[in-house]
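Chemist: With the sequence up front, the predicted model follows.
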Amino acid sequence: MEYRNIVLLKEGKVAVLTISRPKALNALNSETLKELDLAIDEIAKDDEIYAVILTGEGKAFVAGADITEMKDLDVMSGRKFGILGNKVFRKLETLEKPIIAAVNGFALGGGCELSMACDIRIASSKAKFGQPEVGLGITPGFGGTQRLTRLVGLGMAKELIYTAKIIGAEEALRIGLVNKVFEPENLLAEAKVLANTIAAQAPIAVSFCKAAINKGIQIDIDTALSYESELFGECFSTEDQKNGMIAFVQKTEKCFMNK
Ligand code: CAA
């Protein structure tokens, strides 16, 4: 499919999804959000894609929701815009494939929120993170108040959100917002190494792990463990389980088929 504001490329089992509105620092307007929604559907349907990298073109990952579009919104249209962003980000978060955010630059407001809807965040040493919304007279609207708290804890999330403070990649690493920091020129290659390492595993098992972790963190431990047992059992209906275990026992090459 042709998009105006994003680029979707496939490299083997890995899809690279790039937000590409560099003149506006990849700010998320409605059009870009809707394209992102379509691209997620396209990736979901493609059984040959086992892992996804999300990144931005130019000096920004995403510098936020589009302020030019938001400035004239009223209560109803503001709510609608927030719902659109939350719907798309939730679709990304629940996509049955792992997603790595390769944060190449500014990840502010909706950009930080987008990275947090991904499974794993790695960053360029030049990346900047923050939720500067209160400095614009609004709250974070694409999940920031919820996902930042879950990722870095209540106190740190409140400090970042209340102060609108922008932090660098090393501070993001220190507080657990990102997993690793790389030199800018190595970021995409490192993201591909990580994505391909994940893509070499049994894809259904990886997607069950994502579901178990994401659901389990929201519910009580007994219900979560029972969900884990359900998915664990489900694995034994897959060819990948049979192939993976036979290959181990017979000391042969593993070959996962996503079946
Ligand atoms: N929306 C719309 N346009 C944006 C934008 C945004 N979030 N961020 C940057 N741009 C545009 C600028 O207006 C500018 O356009 P023009 O060339 O037409 O003037 C272009 O991108 C380049 O930006 P700058 O000249 O400002 O670049 P800079 O390097 O000097 O500064 C920056 C970079 C610090 C990221 C600065 O652009 C900035 O502060 N951007 C806004 C960041 C922000 O507040 N994000 C949160 C938005 S609110 C939100 O996201 C709500 C939510 O939770 C859903």
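Modeler: Here it is on my side, so go on. Residues are numbered from 1 along each chain as shown.
Chemist: hey, where'd the strands end up in the stretch 1-150 of the chain?
Modeler: 6-11, 14-19, 51-56, 60-62, 99-103, 106-108, 120-124, 128-130 (DSSP state E, counting those that start in this stretch).
Chemist: and the stretch 51-200 of the chain, which residues reach the ligand?
Modeler: 63-68, 85, 106, 108-110, 113, 132-133, 136, 138, 140-142, 144 (Cβ under 6 Å from any ligand atom). Bear in mind the C-beta positions are built from the backbone N, C-alpha and C, glycine included.
Chemist: Return the members of these classed as buried.
Modeler: Among those, those classed as buried by 16 or more other Cβ atoms under 10 Å are 63-66, 85, 106, 108-110, 113, 132-133, 138, 140-142, 144.
Chemist: Identify the residues contacting the top helix by length along the chain?
Modeler: Longest helix of the chain, by residue count under DSSP state H: helix 75-93. Residues outside helix 75-93 that contact it (Cβ atoms under 8 Å, 6 or more residues apart in numbering) are 28, 30, 33-34, 36-37, 40, 54, 65, 69-70, 73, 99, 110, 113-114, 117-118, 138, 141-143, 214.
Chemist: what do you get for stretch 233-245?
Modeler: 202-205, 208, 254-259.
Chemist: Please save the CA atoms from stretch 129-147 in PDB.
Modeler: The C-alpha coordinates for stretch 129-147 follow below in PDB (Å, rounded to 0.1, in the frame of the first residue of the first chain):
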ATOM      1  CA  PHE A 129      12.300  11.900  25.700                       C
ATOM      2  CA  GLY A 130       9.600  13.800  27.500                       C
ATOM      3  CA  GLN A 131       5.900  14.500  28.000                       C
ATOM      4  CA  PRO A 132       5.900  18.300  27.600                       C
ATOM      5  CA  GLU A 133       2.000  18.500  27.300                       C
ATOM      6  CA  VAL A 134       1.400  20.500  30.400                       C
ATOM      7  CA  GLY A 135       3.600  23.300  28.900                       C
ATOM      8  CA  LEU A 136       1.000  23.500  26.100                       C
ATOM      9  CA  GLY A 137      -2.100  23.500  28.400                       C
ATOM     10  CA  ILE A 138      -3.000  19.800  27.800                       C
ATOM     11  CA  THR A 139      -2.500  16.400  29.400                       C
ATOM     12  CA  PRO A 140      -0.600  13.600  27.600                       C
ATOM     13  CA  GLY A 141      -3.400  12.200  25.400                       C
ATOM     14  CA  PHE A 142      -2.100   9.100  23.700                       C
ATOM     15  CA  GLY A 143      -1.400   6.900  26.800                       C
ATOM     16  CA  GLY A 144       1.400   8.800  28.500                       C
ATOM     17  CA  THR A 145      -0.200   9.100  31.900                       C
ATOM     18  CA  GLN A 146      -0.800   5.300  31.900                       C
ATOM     19  CA  ARG A 147       2.200   3.700  30.100                       C
END
